[in-house]
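K.L.:
Requesting a structural model of the entry that follows:
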Amino acid sequence: MSKGFASTPRIAFLAGVMLLVFAGIGTRLVWLHVLDRDELLRYVERARRQILVLNGRRGDILDTHGAILATSRSLIVLGVDPTATLPADENKWPRLAELIGMPLPEMRSIFTTKFRPAAQQPAAAVPGAGAGSVHFDLGTAAAPAPAAPPSADPAGTAAGDDTVLDEADAEGNRPIRWAKLSENVSESAYAEITKLGIRGVYGNRVFRRDYPHNALAAHVVGYVNRDEKPVTGVERFADFYLRSQNGWVESEKDGHREELAQFRTREVPPSDGYTVVLSIDAEVQHIAEAELEDIAARFQPAKATIIISDPRTGFILALANTPSFDLNEYNRLSGGEQAAMRNTAVADMYEPGSVFKIVAASGALEDGLVTPTTTFDCNLDRIDYRGQVRSMPRDDDHFDHRLTVAEIIEHSSNRGAAQLGMMLGDQRFYAYARAFGFGQPTGFPVGGEVGGYLLPPAKWDGLTITRMPTGYSVDVTVLQMNQAMEAIASGGVLLRPQIVKEIRDENGEVVYRFGPSEVRRVMSERTARTMAQLLTGVVSSEGTAPAAAIPGYEVAGKTGTVRKIIDHTYSDRHHVASFIGFFPASHPQVEISVVVDDADAHSPGGIAWGRLVAAPSFKHIGEQLISYLDITPGIGGSTGRELAMGENRP
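P.N.:
Next up is the predicted model:
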C-alpha cells in the first residue's frame, strides 16, 4: 500500500527546513532584541524622534496711546534638501525663483549641489535659534533647518556657512540635507510656494523684530540684534518683560519626515512676551524730531537734543537727538555713522551756562537771603569774598542801575548770579546743586546715562564760587537740566524722569503700572511759584528770549549760551545754545528743553546764542503742543517784571 507524498524522509526534510527557518528567525530576533538592541534603539531614536521648538513671540513696545513702536512679525526662512528633490519638479523652479527673488542660475546651483567633501563641513546652527523659530512642513520633506552658507545666501545675510550635512559616505562626501534659499519670505509668498509642491523645499517660521516707525524714538526704543538679543534702549531695559518663553513638542516622524501625531509624547506651549507701554507720545515725538531736522538743516550743529516732559509727573513725552538712526537698519551703519546711535541726551555732558542760574536764585530765595526786589551792583569787576578779592565773570551788557533779583534772571546777569551764589556760600550752594540732581544720575533706565560732574567745595579753586552759579565749572546732561527745571515747574519737588508707564500681559491686562516718583523736595512750593514767575521775565520784551514767548500763555524759561572748551581753552566761536522752559507758568502742563551744540558756523553773527538758536524752537514746539495736548492758558499771576517792581513778595 502506497504512502503517497507524505513519506517519512520528506516529512523529516520539511521539518528540518522549518526548524532551521524558525531557528534563523529566532536567532535574528535575539540579535535584534537582545544583542544589538541598544545600538538599534539609538538608531531608531535618531531616525524617528524629533523635538520641534515652539518659540514664543517677543512682546510689543507701544507709545502712550497704543501706537506700535516695536513689534515682532512672522517670516519664513526657506530652505531645500537637495538630496530630496525630484527631476519632475524642475519646471517649477523658475516660479520659485521669482517668488523669492533669487536668480534662477543661483538657485539651480543650490538645488543640484547635493554633496560636499567632509573636509568642508561647517558648524551647523538652527536658523532663528533664540529668534522665535518654529519648524513646520506643509507636505514637503522637512528636517532641522539651519541657516545657509554664503553661497546659498543671495542677500549676503548669513553670518557664516550653516548648511546641514549628513554623515560622510564611503567616498568621504557628506550629503547636503539643508541649504537656505531665503530668510525673508512672507507668509503669503510661502503659501504660494507650498502650492507648487516642490519636494525637498520647506520653511521655518521665525519672528523678526520690526520697528514700524523706523527712526522714531530710536534712542529710547533701542533694538535687538539678529539673535534677538537686546542691545540698547527699552528693548534692553525691559527685556525681562518683553522676552518670550519657548515651548516644544516631542514626537516621532515617518520615513517622509512627517510627524506621527499619535506618537507625540509631550507638548509645552510657548509663552509670548509682555507688552511694554511707554510714556512717549508718538505724535509729540514726531514734533520734536521734525524740529530737530529743521535745526539740523538751518544750523548744521554737531548735535542737538529736545526733551518734552510732563512736569506734573516726570514722565517723558518725547526724547529726540540728532544725529539719529533707523532702528531697522542699525547693522548697516558705517563706523563713522555709529556715533548716531549714542543717546546724547543722557550720555553726553556739557556746561549748561545761564540755565544753571536757577540753582543760585532758588537757593537764595528759599533761604530767605533775598526777595525778588533785592538789588545788586552787577557792574563790579571784582568782589571780596571771605577776605579774598575774586574776579567776577564777564557780562555782555553794562547796566546803568543796580539790578533786582528778578532783573538778574530776566537779563541773565553773570555777575548777579555769582553774587547770589556767594550769598549762599560754598557749602550751601553745593547742597542746592546736589538737591537739584546735579552730579548724580537721574536713574533714567535707557541710554547709558552718566551722572555729570559736580566737584565738592573742598576741591574748588578761588574762582569756582563765582563761575559755577553762572553754569561753568559744572558738567550736566540735557536730561539732568530738564529735571532741574522741572523741580520748579512741579512746585518744588524733584521728580525722577520716567519712560515706562505700564506692563501688559498676553491678554492686554495691566500687570504693573508706574506712577510719579518723587526724589526729594528741593524748595517750598511758595519759592517754586516765585521762581516760575521770575522766569516769565526771560521771555518778555526786556528779557533775553522774547522769541520763546507764546501769545496768550505764560511761558517761564531760561536761556543758556556757554562757550565750549576747544584745545584746552574757552572758545568765542564754539557754543552750546539752550532754552529750557515750561508753560503755563501758573500751572505748568508741559516742559520743553532745546539744547543745540556747536551751531555757530551757520548762526547769525557767527555765535549760536540760545535766544536765536533754541528759543524759537521752543516756541514752535509749544504752539503745536497747545492744540494737540489741549493746553489751557494760565490763570494769571505776577510776571517777573512785576515782582521786580515790588508788587509781590516770596
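K.L.:
Closest to the mean position in the chain, which residue would that be?
P.N.:
Gly222 (1.7 Å; Cα atoms, centre = their mean).
K.L.:
Give me the pLDDT for that residue.
P.N.:
What the model reports for Gly222 is a pLDDT of 95.
K.L.:
Repeat that for Val126.
P.N.:
pLDDT, read off for Val126, is 39.
K.L.:
rewinding a little: does the residue nearest to the centre of the chain touch Leu242 like I think?
P.N.:
No. Contact criterion Cβ atoms under 8 Å: Gly222 and Leu242 do not qualify, at 10.5 Å. To be clear about C-beta, it is placed using only N, CA and C from the backbone, and glycine gets the same treatment.
K.L.:
what touches both of those two?
P.N.:
Residues within reach of Gly222 and of Leu242 at once, by Cβ atoms under 8 Å, 6 or more residues apart in numbering, are Pro230, Glu235.
K.L.:
picking up where we left off before, neighbours around the residue lying closest to the residue nearest to the centre of the chain once chain neighbours are set aside, how many?
P.N.:
Closest residue to Gly222 apart from its sequence neighbours, by Cβ to Cβ, 6 or more residues apart in numbering: Gly233 at 1.8 Å. Gly233: 26 surrounding residues under other Cβ atoms under 10 Å.
K.L.:
now swap in Ala487 and tell me
P.N.:
Counted with other Cβ under 10 Å, residues neighbouring Ala487 total 27.
K.L.:
and the longest strand for this protein?
P.N.:
In the chain, taking DSSP state E as the definition, the longest strand is strand 569-583.
K.L.:
got the buried residues for it?
P.N.:
Buried residues in strand 569-583, counted by 16 or more other Cβ atoms under 10 Å: His574, His575, Val576, Ala577, Ser578, Phe579, Ile580, Gly581, Phe582, Phe583.
K.L.:
Now flag whichever of those residues is closest to Phe237.
P.N.:
Ile580 (25.3 Å; Cβ to Cβ).
K.L.:
what pLDDT does the closest one get?
P.N.:
At Ile580, pLDDT is 98.
K.L.:
Show me what it is bridged to.
P.N.:
Beta-bridge pairing of Ile580 under DSSP bridges involves Lys558, Ser593.
K.L.:
pretty sure it is touching Lys558, no?
P.N.:
Yes. Contact criterion Cβ under 8 Å: Ile580 and Lys558 qualify, at 6.1 Å.
K.L.:
Tabulate the buried residues of strand 569-583 (a markdown table), appending distance to Phe376.
P.N.:
Rendered in a markdown table, the data for the buried residues of strand 569-583 read as follows (distance: Cβ to Cβ, whole Å):
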| residue | distance to Phe376 |
| --- | --- |
| His574 | 30 |
| His575 | 26 |
| Val576 | 26 |
| Ala577 | 26 |
| Ser578 | 24 |
| Phe579 | 24 |
| Ile580 | 24 |
| Gly581 | 24 |
| Phe582 | 26 |
| Phe583 | 28 |
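K.L.:
Which members of those residues define the maximum pairwise distance?
P.N.:
Longest span within those, Cβ to Cβ: His574 and Phe583, 30.6 Å.
K.L.:
residues near Asp448, how many?
P.N.:
Small correction: residue 448 is Gly, not Asp. Applying other Cβ under 10 Å, we find 11 residues neighbouring Gly448.
K.L.:
returning to what we had before: quick check: neighbours shared by Ile580 and Lys558?
P.N.:
Val355, Met485.
K.L.:
hey, where'd the strands end up in the stretch 551-650 of the chain?
P.N.:
Ranges of strands in the stretch 551-650 of the chain, per DSSP state E, counting those that start in this stretch, are 556-566, 569-583, 590-597.
K.L.:
Correction: the previous question concerned the stretch 251-400 of the chain.
P.N.:
Taking DSSP E, counting those that start in this stretch as the criterion, the stretch 251-400 of the chain carries its strands at 259-260, 266-268, 275-278, 303-309, 316-322, 375-376, 382-385, 388-391.
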